[in-house]
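Q: how would this look folded up:
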Amino acid sequence: MIDTLVKLFNPNDGAHFVVMCGITLTLILSLSIIAERVFRYWYQYDLANSSAFMSAVQKLVMNNSIENAIRLCKGKRNQGQLLPYVLAEGLKRANDSTEEIENAMHHAQLAAIPRVSRRVPLLATTANVATLLGLLGTLFGLIKSFAAAANATGQQKAVILAQGIAEALSATTFGLATALLCLLVYGLLMNKQTAIVDDINQNSARLMDLLYTRKMKIRSGQDMATASAD
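A: As a prediction, this is how the structure comes out:
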């Protein structure tokens with residue numbers, strides 16, 4: 001194993017060594033992005049049971065307990081999660097006009113959603129970079145092997161060519177493997193990102209409907225009280 005690594009990352013190998021180090025750095029960058037996004041998506045931004053949370057918010061809103069609904073959204077269990085943050089911004093304007101509530105939630109969404117989409121597109125870039133570096137390593141290996149074979153004869157030429165082609169293909173393999181990892185995880189993260197954003201948008205619209213229904217209920221009660229007084 002160590003001998004194989006020494007052959008692949010031989011500092012005396014010039015351009016091939018630079019290419020292999022470049023692919024390694026690309027892999028490390030990709031893994032750091034993946035680790036950070038997995039933590040954010042699955043352990044911070046996403047609300048595991050958004051349906052139950054929205055049911056609790058709905059109950060409080062329809063009971064006219066707006067302050068308790070805001071406290072629920074800002075509770076320690078929900079800190080860092082994006083859906084409670086967006087809903088809390090709308091609940092703060094519950095007694096304002098429908099347009100003001102909508103604007104408050106829209107601004108909260110504009111602040112929250114870019115945090116979800118951050119860094120993931122870089123994985124598509126690192127996949128392309130790894131692929132191109134692998135191909136570049138292949139070209140360097142082939143150039144080196146053919147240049148060396150030009151000065152050799154007979155069996156020695158065949159050995160040099162075989163060694164050079166093997167070296168060239170090792171760079172391609174490493175680059176393609178890194179690119180495949182990046183593209184696979186990119187697809188998974190994009191799917192999770194879409195789910196989080198859709199959850200925020202759907203439940204924001206649901207809260208808007210709840211606050212509008214509450215407002216109409218209060219107005220209806222006020223109209224009935226006025227009619228009774230008259």
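Q: What helices and strands are in contact with the helix of greatest length in the chain?
A: Of all the segments of type helix in the chain, defined by DSSP state H, the longest one is helix 154-229. The elements that helix 154-229 packs onto, with contact taken as 3 or more C-beta pairs under 8 Å, 6 or more residues apart in numbering; DSSP states H and E, are helix 2-8, helix 15-40, helix 50-62, helix 82-91, helix 98-117, helix 121-149. Any C-beta I mention is one placed from the backbone N, CA and C, and that applies to glycine too.
Q: what's the angle from it to helix 50-62?
A: With axes from the mean of the first three to the mean of the last three C-alpha atoms, to 10 degrees defining the directions, helix 154-229 sits at 20 degrees from helix 50-62.
Q: So for helix 154-229, mean pLDDT?
A: Averaged over helix 154-229, pLDDT sits at 84.
Q: Please state the offset of it from the chain centre?
A: Centroid displacement of helix 154-229 relative to its chain, using C-alpha atoms, centre = their mean, to the nearest Å, is 6 Å.
Q: Ok, stretch 82-95 next?
A: The answer for stretch 82-95 is 24 Å, by C-alpha atoms, centre = their mean.
Q: same check, this time on stretch 34-42
A: Using C-alpha atoms, centre = their mean, the offset of stretch 34-42 from its chain centre is 7 Å.
Q: among the helices and strands packed on helix 154-229, which is the most enclosed?
A: helix 82-91 (a mean of 24; mean count of other C-beta atoms under 10 Å).
Q: I'd like the average pLDDT over that helix.
A: 92.
Q: Show me what that helix is packed up against.
A: Checking 3+ C-beta pairs under 8 Å, 6+ apart, helix 82-91 ends up next to helix 50-62, helix 66-73, helix 98-117, helix 154-229.
Q: Of those, which stretch is the most buried?
A: helix 66-73 (a mean of 18).
Q: No more questions from me, cheers.
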